[in-house]
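J.: just coords:
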């Protein structure tokens, strides 16, 4: 058994941030990581000269501590002006769709505007996300756009979701903006971030170099047991570590599994916590002839993917000369689809729409992430508090998206670690 002052669980962006912060204070914590590399969901992988991130990542961080670390890690940064688009019934629509409806048929635009104008002027109480959407955008738009997308992205009906997570993530246009967006395609960009930044080299993981540079990371170390009385962490190869301080970024359901004699009410609360799982389907192409958008959303239900983005547009370093790449996100439970189902419902659909040519595909790759986004279903806040309070009573400090069990962007996850 080895003794350590501090052990950090997970070498994702928040775990790396915690280790970085503690080293600045003169400590030397170890980080236990189940994978063979650092980064977690901010990591990447390479195949035949193509680099893919694990889901889409671009930085619009404003915090100077975060940006200073990112600049030190990757002095050469590519800045993009956001230009997201949507696919709806095979039609390209500028994002957000609610105030960029120009490409639609006149009769459909009229239905949307009429419904938008018919919204109640005041609503006393919003009980769920579906009510919020109908109140914000009218019934027709809500039913054909965000209610459909919610099932694809959140794996839930909108009526089963709360609204606290929304914040500024969804643009709420005025009546004039909706009407103007029906008349012309020349509308201002209303995306919530005005610029997106990405490392010139190394994928999004390039932003983490400074955090990982001197980190003592024990790879291939899946935590299997935590004895909070004796303060011992055991990993999959039966190696044990003694700690004085334990900081965890691993998902709450995973850490609860590692503890003995957890009270039944805590186990029940943990079972109420929900998250999405997802597949990323990566496509390598021997052409640069792809849509010019960094990312796009898909509302059509017959296409499995909720989002598509281009690693090669984020940085040319992500693909060999003359080539390009796309990556698609499908949210579902593991094994909901066979690999062929996933490819047919994603890559096959892009071929059907004429977005890519089958002959240009060099290879495809299917990867799975068990934990993607926290789902804000009805019991989340009460259940989360019960679980977190118990873990804190065991002197386990919680950080990151899945430790805090919240909808944290990458910069917020890093700050969660830096602030230990």
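T.: Done, it's in. Here the structure is a predicted model, which means the values were calculated and not measured. Numbering: from 1, shown residues only.
J.: so what's residue 234 closest to, chain neighbours aside?
T.: Excluding the flanking residues, the one nearest residue 234 by CB to CB, 6 or more residues apart in numbering is residue 225, at 4.2 Å. C-betas here are computed from N, CA, C, even on glycine.
J.: per-residue confidence, the one you found, what does it come out as?
T.: At residue 225, the pLDDT value in this model is 98.
J.: surely it forms part of a strand?
T.: Yes. Counting by DSSP: H, G, I helix; E, B strand; the rest coil, residue 225 is found in a strand.
J.: now it: how far from residue 279?
T.: 30 Å (CB to CB, to the nearest Å).
J.: what's the longest helix along the chain in contact with?
T.: Identified as the longest helix of the chain according to DSSP state H is helix 380-393. Residues outside helix 380-393 that contact it (CB atoms under 8 Å, 6 or more residues apart in numbering): 162, 164, 248, 252, 255-256, 262-263, 265-266, 269-270, 272-274, 374, 398, 405.
J.: just the buried ones from those residues?
T.: 162, 248, 252, 255-256, 262, 266, 269-270, 273-274, 374, 398, 405 (16 or more other CB atoms under 10 Å).
J.: inside helices: which ones of the residues you listed?
T.: 252, 255-256, 266, 269-270.
J.: farthest pair in those residues?
T.: 255 and 269 (13.4 Å; CB to CB).
J.: tell me the strands beside the helix or strand bottoming out on mean pLDDT in the chain, with direction?
T.: Taking mean pLDDT, DSSP states H and E as the measure, the chain has strand 2-9 as its least confident helix or strand, at a mean of 91. Sheet pairing of strand 2-9 (DSSP bridges) gives strand 30-32 (parallel), strand 240-248 (parallel).
J.: residues in contact with the last one?
T.: In other words, strand 240-248. By CB under 8 Å, 6+ apart, the surrounding residues in contact with strand 240-248 are 1-10, 15, 18, 29-30, 32, 226, 228, 230-235, 255, 391, 395-399, 403, 420.
J.: let's see 7 Å
T.: Identification of contacts with strand 240-248 by CB atoms under 7 Å, 6 or more residues apart in numbering yields 1-10, 18, 231-234, 255, 395-399, 403, 420.
J.: quick check: ChimeraX command selecting the buried ones in those residues.
T.: Restricted to buried positions by 16+ other CB under 10 Å, the ChimeraX selection for those reads:
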select :4,6,7,8,9,10,18,231,233,234,255,396,397,398,399,403,420
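J.: state the next helix or strand along the chain beyond the strand or helix carrying residue 86.
T.: Using DSSP states H and E, residue 86 sits in strand 85-88. Next in sequence after strand 85-88, counting helices and strands by DSSP H and E, comes strand 91-94.
J.: residues of that following strand that come out buried?
T.: For strand 91-94, the neighbour count (16+ other CB under 10 Å) marks 93-94 as buried.
J.: list the contacts of residue 312.
T.: 318-319, 323-325.
J.: among those residues, which one has the most neighbours?
T.: When neighbours are counted by other CB atoms under 10 Å, residue 318 leads these with 27 neighbours.
J.: ok, now how distant is the residue nearest to residue 179 when sequence neighbours are not counted from residue 148?
T.: Spatial nearest neighbour of residue 179, excluding adjacent residues (CB to CB, 6+ apart): residue 113 at 6.2 Å. If you measure residue 113 against residue 148 using CB to CB, the figure is 19 Å.
J.: tell me how many other residues surround residue 383.
T.: Residue 383 has 21 nearby residues by other CB under 10 Å.
J.: sorry, that was for residue 172
T.: Neighbours around residue 172, by other CB under 10 Å: 15.
J.: do the same with residue 25
T.: 7.
J.: for the one 4 residues further on, same thing?
T.: The number of residues packed around residue 29, counting by other CB under 10 Å, is 22.
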